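J.: Predicted coordinates and the sequence they were generated for:
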Amino acid sequence: DNPCNPTPGAPCPGVGSTAQFGTTSLPPDNQAHTFNIGGGINLPYRTRVKGNFTYSLRLQNQDSQQQPYSNGLPGANVDLRLPEKSLHGVVHTFLGNIDVTSRPFQIPLTMFFKYRIYDLEDDSSTPTFQAFIINDQNTVLAAPRRAGRFDYTRQNADLGGRYQLNSFTAVTAGIGWEGWDRNDNWEVSHTDEVFAKAALDMTPAEWVLIRLAYQPSIRRGDGYTANASLMENFGAPGGFSGTGAQTYQLRKFNQADRNRHRVDLMVQFTPVDELSISPSGSYKFDNYIASGLQHDGNTPANQQLGLQSVVSWSAGLDINWTPSDRISFSTGYVHESIFQKQRQTFRNPLDPSLDWISNSTDTIDTFHAAIKANLIPHKLDLILSGAYSFALGRVEQYNPNATGSAVFAANPNAQAMRWPSFEDAYTRVDASVEWHLMKALTARFFYAFERFTQSNWQTDQLTPSLQNVGAIFLGADVKNYNAHILGATLRYRFD
């Protein structure tokens, strides 16, 4: 019910006539059928080949919910009626993995090849909706649009080798490739990303292990069609620039051309057999490239819009201690930092002085600890674990071309400014008891507690209805929650 409009026809202060009800729905009934097969074979030249293949069929055909029913529009306007009663949802997925490991020569060289393919094919119905009710009110948007289906195939291949230089040093080198093939709903139909990989493993002492890895990569696509979805599902022409159109300068980060550098470091100290201390760190730099930025046959001196660069790094420490064969302890901490630079433009008025840069920084601190105790040898185990994560998000914005611009001064609402910060906290505690009834039969009883809290200036004051706002907001933000989970399982293992 809309408290701003308790009875039909009653105007909402500052807005006018609004919907009496808002509607929402639970996830629809659905089915999934999954088939898996795997195996391996030993071949000559000390070679082993392993494969695993999975096919999944997903079905969903529950009746669709009508457009808002708080007035007579869906009944009176034929274009507002649902074009089909239900989705007729049919989605096929296929996952295949092939791993080859070989030591064909009489030298300390291990060669490897890996191939992976994932294919998603959505054969669901693609109905065309002729019109829509805006914000659950009386405004009707007569803009036919088809429900698009986003099929794709992703392939990965890796080839390399590991050579043992001496008793305490080994090097790994290789190349890799990732290819995406997408249907016409996507902005880029095909992308290729090539990798080079190098790693150094050292054990300068029996109690020290060091691993350093470096991986650069380059991703390029076969051209960017900014309004591919509009052209495919809305009947928009190729040069469409009207309402809802994407500017030709925009590049979506998951399809944009990109150069990447990544470095990972892991060190493990084992001063005694019962204790291991493992510091680790990583660094990644992504630079998004404005290749092929053309419009109407020209290459104007304009900036690429969207994500420009990403700098992320992490540092952590894990400690494991096993004072006896009946009890073990583990704890750890990791700090993550993700910096993203984006560039966008203001459309009305469209002027370079109103372009803005958005620098966002997210930091996440995570702590975890666990205890595993064998209370009765070979009979009863107790496992306790807990984790806490805190995330802080900050967004700083500015207009790089604002100096001396009269257009900028005349449009204060288009001027970029710093946002308040976002905060999220997540806590989880698990406790379980495992009772080994027989060698192959185990009963498990478990309890889990979860808590999530957030502070977000955009949604903290958001309610389903707001004064002077005609729209109804349902499920627009994630609420704070506490959850208690109890369960039991019975596991039988076939040897």
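T.: Sure thing, it's come through. This one's a predicted model, so the numbers in the text were calculated from it and none came from an experiment.

J.: Specify the local secondary structure of Phe390.
T.: Per DSSP: H, G, I helix; E, B strand; the rest coil, the local secondary structure of Phe390 is strand.

J.: That one: neighbour count?
T.: By other Cβ atoms under 10 Å, 15 other residues sit near Phe390. Where C-beta positions appear, they are placed from N, C-alpha and C, glycine not excepted.

J.: and what of the one 10 residues further on?
T.: Residues contacting Pro400 under the criterion other Cβ under 10 Å number 13.

J.: so who does it touch?
T.: Contacts for Pro400 were tallied using Cβ atoms under 8 Å, 6 or more residues apart in numbering; they are 355-357.

J.: How about Val267?
T.: Residues near Val267 by Cβ under 8 Å, 6+ apart: 208-211, 278-280.

J.: I'd like to know how far Phe150 sits from Arg220.
T.: Per Cβ to Cβ, to the nearest Å, Phe150 is found 21 Å from Arg220.

J.: Quick check: bridge partners of Glu178?
T.: Legend: beta-bridge partners of Glu178 under DSSP bridges are Asn156, Glu193.

J.: Going forward, the N-terminal residue is numbered 5.
T.: Sounds good: first residue 5 from here, last item Glu182.

J.: and it, how many neighbours does it have?
T.: 17.

J.: My guess is it contacts Asp162. True?
T.: No - using Cβ atoms under 8 Å, Glu182 is not in contact with Asp162, being 9.5 Å away.

J.: so what sits against both of these two?
T.: By Cβ under 8 Å, 6+ apart, Glu182 and Asp162 have these common neighbours: Phe199.

J.: if we can go back for a sec, will you turn the contacts of Pro404 into CSV that also has distance to Trp317?
T.: Shown next, in CSV, are the contacts of Pro404 (distance: Cβ to Cβ, whole Å):
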residue, distance to Trp317
Asp359, 28
Trp360, 26
Ile361, 21
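
J.: In the stretch 305-454 of the chain, what residue spans correspond to helices?
T.: For the stretch 305-454 of the chain, the helices defined by DSSP state H, counting those that start in this stretch occupy 410-413.

J.: Kindly apply the preceding question to the stretch 155-304 of the chain instead.
T.: 232-237.

J.: quick one: contacts for the residue nearest to Val94 when sequence neighbours are not counted?
T.: Counting by Cβ to Cβ, 6 or more residues apart in numbering, Asp127 is the residue found nearest to Val94 once chain neighbours are left out, at 4.4 Å. The contact partners of Asp127, by Cβ under 8 Å, 6+ apart, come to 94-96, 153.

J.: on that earlier part again, mind checking which of Phe154 and Arg224 has more residues around it?
T.: Arg224 (17 against 12).

J.: Tell me how far the more buried one lies from Asn187.
T.: From Arg224 across to Asn187, the span is 20 Å (Cβ to Cβ).

J.: Gly225 too?
T.: Where Asn187 is concerned, Gly225 sits at a distance of 14 Å (Cβ to Cβ).

J.: Show me which of those two is the more surrounded one.
T.: Legend: neighbour count by other Cβ under 10 Å for Gly225 and Asn187, higher for Gly225 (22 against 16).

J.: Look up which residues are beta-bridged to that one.
T.: Beta bridges link Gly225 to Thr195, judged by DSSP bridges.

J.: Pretty sure it sits against Arg262.
T.: No - the criterion here is Cβ under 8 Å, and Gly225 misses it with Arg262 at 9.6 Å.

J.: what's near enough to touch Ala174?
T.: Residues in contact with Ala174 (Cβ under 8 Å, 6+ apart) are 166-168, 204-206.

J.: now stretch 333-341, how far from the chain's geometric center?
T.: Relative to the centre of its chain, stretch 333-341 is centred 22 Å away, using Cα atoms, centre = their mean, to the nearest Å.

J.: Dump it to CSV, keeping only the CA atoms.
T.: What follows is stretch 333-341, C-alpha atoms only, in CSV (Å, rounded to 0.1, in the frame of the first residue of the first chain):
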residue,chain,number,x,y,z
PHE,A,333,44.4,-23.5,15.1
SER,A,334,44.4,-21.0,12.2
THR,A,335,44.1,-17.3,11.9
GLY,A,336,44.7,-14.6,9.4
TYR,A,337,44.2,-11.0,8.2
VAL,A,338,44.1,-9.4,4.7
HIS,A,339,43.9,-5.8,3.6
GLU,A,340,42.6,-5.0,0.1
SER,A,341,42.6,-1.7,-1.7
